[in-house]
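S.K.: Sharing a sequence plus its predicted fold:
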Amino acid sequence: MRITRIIRCMSLVGFERLSVEFVKFLAHEIVRERTLESCHHSLDNFWVPALPPREQAEARQFIDRCATDAPAAAADASHDTV
């Protein structure tokens, strides 16, 4: 809930670019790095919809790119542990 408020506040005070970058950072951590996997529901249902419409589209495209890169990141991580 607080993250949604932060995103909306940033947009209201004129920091739309920062709000979308913040959501993209969260998306990267959730989708690609899988460090915040339990937040995936909030990302899809609350945080992205809290962005202005134009930024929502940009965030969703970024999430799709992260999702396609995610298996490569998992494979890289398995090589690092060996």
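M.R.: Okay, I see it. Owing to the predicted nature of the structure, the values given are computational and were not obtained by experimental measurement.

S.K.: Can you name the residues that contact the residue nearest to I30 when sequence neighbours are not counted?
M.R.: Closest residue to I30 apart from its sequence neighbours, by CB to CB, 6 or more residues apart in numbering: L36 at 4.7 Å. Every C-beta, even on glycine, is put in place using the N, C-alpha and C of the backbone. The contact partners of L36, taken as CB atoms under 8 Å, 6 or more residues apart in numbering, are L26, E29, I30.

S.K.: Could you provide those residues in CSV, with additional columns for secondary structure?
M.R.: Shown next, in CSV, are those (DSSP: H, G, I helix; E, B strand; the rest coil):
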residue, secondary structure
L26, helix
E29, helix
I30, helix
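
S.K.: which of these has the most neighbours?
M.R.: I30 (22 neighbours; other CB atoms under 10 Å).

S.K.: which non-adjacent residue is nearest the residue positioned nearest the centre of the chain?
M.R.: Nearest to the geometric centre of the chain sits A27, at 1.9 Å (CA atoms, centre = their mean). Distances taken as CB to CB, 6+ apart put I63 closest to A27, at 4.8 Å, once the chain neighbours are dropped.

S.K.: Kind regards, and thank you for your time.
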